[in-house]
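Engineer: Any chance you can model this:
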Amino acid sequence: MVNALLQVIRRDLLLAFRRRTDVLGTLVFFVIVCTLFPLGLGPQPALLRTLAPGVLWVAALLASTLALNRLFGADYADGTLEQLLLSPEPLVLIVAGKIVAHWLISGLPLVLLTPLLALQFDLDASATIALILSLLVGTPALSLVGSIGAALTLDVRGGGVLVALLVLPLYTPVLIFGAGAASADAGGTLVEANLLLLGGLLAAAAALAPWATASALRISLE
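Structural biologist: Below you'll find the model as predicted:
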C-alpha cells in the first residue's frame, strides 16, 4: 500500500513537471497578488507589517483554490480516473496520494516563496518564521479540504466557480488561525495557540477529507 501511494505521488509529480505552465501560473498569481499590496499602499512600514499576514494568507488561499481544478480534472478528461477507481488498491489511498502531490506542486512552493515576499512587507525574522510555519501547517489543510470540492464539481460545467463557492467558506478557520499565528508574533504574543489549533484542523482534515473525497468521486462518476 505504501508503494502504491508513492507511485501515485510520483505519477502526479511527473505529469505536473510536463505541464509546468499550470504550476507556474499558480506561483505567478501568488507573487503578483502579494506584490500589488505594497505597491498600492505605498512606503508605510508599520501598515505593511500589520497587513502582511492577512495578505500573504489570502493570496495563498486563492492560489490554492486556483489549482484545485488540476487535482482530478486531467485524469477525468482522459479516462484515467475511471481506471483508478477499478484499481485493486483502496480509492482512499489513491486520493491521499493525489492530495499529497497536489500540495507538493501548489502548496510547498508558496511556502518556499514566502521569505522573499515577506521582505516587501518589512517583516522581521521572527514574524517571517511564524508566517512560514503557519503556511507549512495550513496549506496541506487547504489541499485536503479543497479536494472534496474538486471531487464534487468534477463533471459540472463551470466547476471552477462552483468549487470556489464550496470551499472558500470551509477555508475560513484555516485562514483565521494561520494569519493569527503570524499576527500574534508581530504583536509580541505567543503563536503556539494558533499553531496548535491549525495543527488540529490539519489532523481532522487528514483523517476525514480523503474518505469524503473518495465518496464524492464515486458519486460524480456514477
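
Engineer: residue ranges with poor pLDDT in the protein?
Structural biologist: 157-160, 185-189 (pLDDT under 70).

Engineer: What residues sit buried inside stretch 47-64?
Structural biologist: 48-49, 51-64 (16 or more other CB atoms under 10 Å). Where you see a C-beta, it was placed from the backbone N, CA and C, and this is true even at glycine.

Engineer: How about stretch 77-86?
Structural biologist: Going by neighbour count (16+ other CB under 10 Å), the buried part of stretch 77-86 is Leu81, Leu84.

Engineer: can you give me how far that stretch is from the chain middle?
Structural biologist: On the basis of CA atoms, centre = their mean, to the nearest Å, stretch 77-86 sits 24 Å off its chain's mean C-alpha point.

Engineer: what's it in contact with?
Structural biologist: Phe72, Ala74, Asp75, Leu91, Ile94, Leu217, Arg218, Leu221 (CB atoms under 8 Å, 6 or more residues apart in numbering).

Engineer: Need those in JSON lines (columns: distance to Glu82, neighbour count and secondary structure).
Structural biologist: JSON lines is the format used below for the contacts of stretch 77-86 (distance: CB to CB, whole Å; neighbours: other CB atoms under 10 Å; DSSP: H, G, I helix; E, B strand; the rest coil):
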{"residue": "Phe72", "distance to Glu82": "11", "neighbour count": "25", "secondary structure": "helix"}
{"residue": "Ala74", "distance to Glu82": "13", "neighbour count": "16", "secondary structure": "helix"}
{"residue": "Asp75", "distance to Glu82": "9", "neighbour count": "20", "secondary structure": "helix"}
{"residue": "Leu91", "distance to Glu82": "12", "neighbour count": "18", "secondary structure": "helix"}
{"residue": "Ile94", "distance to Glu82": "12", "neighbour count": "23", "secondary structure": "helix"}
{"residue": "Leu217", "distance to Glu82": "10", "neighbour count": "24", "secondary structure": "helix"}
{"residue": "Arg218", "distance to Glu82": "11", "neighbour count": "12", "secondary structure": "helix"}
{"residue": "Leu221", "distance to Glu82": "6", "neighbour count": "14", "secondary structure": "helix"}
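
Engineer: tell me the two of those that are most distant?
Structural biologist: Ala74 and Arg218 (18.9 Å; CB to CB).

Engineer: now the helices: where do they sit in the protein?
Structural biologist: 2-18, 20-41, 45-66, 69-77, 80-85, 91-106, 108-120, 125-152, 159-186, 192-221 (DSSP state H).

Engineer: just how off-centre is stretch 71-91 within its chain?
Structural biologist: On CA atoms, centre = their mean, the centre of stretch 71-91 falls 21 Å from the chain's centre.
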